[in-house]
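S.K.: make a model of this:
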Amino acid sequence: ILQQLWPIKLSHQRGSLHFVYLSETIAFVPKWLPPNQALWAYATGIGHIAAGLAILTGVRARLAAILLTAMYVSFTLLVHSPMLLADPSSRTNWSESALNLALIGAAWVVADSLARADPVVISAGNAPVIDDPDPASP
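M.R.: Numbering: from 1, shown residues only. Next up, the predicted model:
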């Protein structure tokens, strides 16, 4: 249980920090993204909190973890990579990029662990077939 709770705490914390440090968050959002930077700062804060709640409650938890992973990947593409290209000597840019890559990995691991926890039930005619990736597991 502890393995699945720390990403939730981190997601809630990152989400709430988007609102506490709104002006700093807005500064990270590229100016060319429509409609405005503030909307994306609010949306990503809400996305972090919603993902944490979904994973915690188990309501669409895997989908939430996948979307959280996608959000972190978009941060890499839209925010961190351009910052690294603009100033590759900045240690802050490198540490932010490394942190974001770690978050991508963590969210991906959570999504994968949720997929393994619930085998997919596929209907084959009248008899359900359980698609379990590891038939040797109990």
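S.K.: strands of this protein, start to end?
M.R.: 120-124, 127-131 (DSSP state E).
S.K.: endpoint to endpoint, stretch 82-92 covers what distance?
M.R.: 13 Å (Cα to Cα, to the nearest Å).
S.K.: for that stretch, what is the distance to the chain centroid?
M.R.: Its chain's C-alpha centre and that of stretch 82-92 lie 23 Å apart, by Cα atoms, centre = their mean, to the nearest Å.
S.K.: shift numbering so it begins at 50
M.R.: Shifting the count to begin at 50 puts that one at stretch 131-141.
S.K.: longest helix in the protein, by residue count?
M.R.: For the chain, the helix that runs over the most residues, judged by DSSP state H, is helix 140-166.
S.K.: rounded mean pLDDT for that helix, please.
M.R.: Taken as a whole, helix 140-166 has an average pLDDT of 90.
S.K.: list the buried residues for it?
M.R.: If you call a residue buried by 16 or more other Cβ atoms under 10 Å, then helix 140-166 has these buried ones: 142, 145-146, 149, 152-153, 155-157, 159-160, 163. Just so you know, the C-beta spots here come from the backbone N, C-alpha and C atoms, and that holds for glycine as well.
S.K.: what packs against it?
M.R.: Applying 3 or more Cβ pairs under 8 Å, 6 or more residues apart in numbering; DSSP states H and E, we find helix 140-166 packed against helix 51-69, helix 110-124, helix 130-135.
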